[in-house]
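I'd like to go over a predicted model; first the sequence, then the structure.
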Amino acid sequence: QKEVEQDPGPLSVPEGAIVSLNCTYSNSAFQYFMWYRQYSRKGPELLMYTYSSGNKEDGRFTAQVDKSSKYISLFIRDSQPSDSATYLCAMSEGGSYIPTFGRGTSLIVHP
Amino acid sequence: DGGITQSPKYLFRKEGQNVTLSCEQNLNHDAMYWYRQDPGQGLRLIYYSQIVNDFQKGDIAEGYSVSREKKESFPLTVTSAQKNPTAFYLCASRVKGSSYEQYFGPGTRLTVT
C-alpha cells in the first residue's frame, strides 16, 4: 500500500461543475498538505497549502483536510476548461521537508 | 521576475553519454530538489540539497550525480549508469525556514535513444 493514494482519473466534468479531487494517506504523522496543478509538459504549480485539519479557501478553490479519516480534498467551484490539468497532492511530516506526492488526478473540464 | 529556470526544455542524447540538466533559481531559496516524473508514477526524488556544498540522495539516486557550488544553481548529471534515463525531470526549491511548500521549474524532457 502506497503512503498516498490518488485516483488517476481521468475525471471529466462539464464547465461550471463543482469538482472534488481527493487523496487518502496512511501516515498519521503527515501534518502539511499541498495541492499542485500541472498542465501537460509543464512544471507543477502550487495551488493551496494547509496545515493540520480544517478548510482553506482561495477564490474558486477550497482545500479540506480530515486527519481523523486521513483524507484530503480539493474542491473547484465553477470549473472552467482552463482548469483541465493534472492535480497532485503532496504531504509532509512535521520537521521533514521531503514531501510525499500522490500520482495525480487528470481533470478534464469540457465546454 | 523571480523564479526557477530549467534548460533546455527538450534534450536528446545517445545511450552511453552523460548529460547535465541545468537548474537555476533567483528566489533566494536555500533548499533545492530534483525529481523524476514518469507517466503514472508521480514524482520521485533523485537528490536534494538544503545548503550550499551539501546534498543528499533521494529514493532513486543511482545513475545520477549533482553539485551545489552556488545557492542559485543545482545541476543534475544523468550518467550512462542510469538504466532508463528517458523521463521528465523537475527541479524545485523551497524557502529557508519552516515553510514546506516547494516551487517547481518548467521541467526538462530528456530522451535517450
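The structure has been received and is ready for your questions. Residues are numbered from 1 along each chain as shown, chains lettered A, B, ... in the order given.

what does chain B put close to chain A?
Residues of chain B that fall close to chain A, judged by C-beta under 8 Å from any C-beta of the partner chain: B:4, B:6, B:31, B:40-43, B:45, B:48, B:50, B:58, B:88, B:90, B:94, B:100-107, B:109. C-beta: built from backbone N, CA, C; applies to glycine.

just the buried members of the residues you listed?
B:4, B:6, B:31, B:42-43, B:45, B:48, B:58, B:88, B:90, B:94, B:100-105, B:107 (16 or more other C-beta atoms under 10 Å in any protein chain shown).

please go through chain B and pick out the longest strand.
strand B:42-51 (DSSP state E).

quick one: B:Met32 is in a strand?
Yes: under DSSP: H, G, I helix; E, B strand; the rest coil, B:Met32 sits within a strand.

for the chain, give me the ranges with low pLDDT.
As the question left the chain open, I've gone with chain A. Residues of chain A meeting the criterion pLDDT under 70: A:1.

looking at chain B here, not the other one
Low-confidence segments of chain B, defined by pLDDT under 70: B:1-2, B:98.

in it, which residue is closest to the centre?
Nearest residue to the geometric centre of chain B (C-alpha atoms, centre = their mean): B:Trp34, 3.0 Å.

now that residue. Nearest residue, chain neighbours left out?
Distances taken as C-beta to C-beta, 6 or more residues apart in numbering or on different chains place B:Ile46 nearest to B:Trp34, at 4.3 Å, with adjacent residues excluded.

what's the burial count for the one you found?
For B:Ile46, the count of nearby residues is 26 (other C-beta atoms under 10 Å in any protein chain shown).

doesn't B:Gln56 make contact with it?
No: with contact defined as C-beta atoms under 8 Å, B:Ile46 does not reach B:Gln56; the gap is 10.6 Å.

which ones are touching the residue nearest to B:Trp34?
B:Trp34, B:Tyr35, B:Arg36, B:Gly58, B:Asp59, B:Ile60, B:Ala61, B:Tyr64, B:Val66, B:Leu76, B:Tyr89 (C-beta atoms under 8 Å, 6 or more residues apart in numbering or on different chains).

6 Å instead?
B:Trp34, B:Arg36, B:Gly58, B:Ile60, B:Ala61, B:Tyr64 (C-beta atoms under 6 Å, 6 or more residues apart in numbering or on different chains).

one more: A:Ile72?
A:Cys23, A:Phe33, A:Val65.

look up phi and psi at it.
With angles defined as degrees, to the nearest 10, A:Ile72 sits at phi -130, psi 150.

show me what it is bridged to.
Beta-bridge pairing of A:Ile72, defined through DSSP bridges, involves A:Cys23, A:Val65.

list the contacts of A:Tyr87.
A:Leu21, A:Arg37, A:Thr105.

what sits against residue 11?
Picked chain A for this. Going by C-beta under 6 Å, 6+ apart, A:Leu11 touches A:Leu107.

please go with chain B instead
For B:Leu11, counting by C-beta under 6 Å, 6+ apart, the contacting residues are B:Thr108, B:Leu110.
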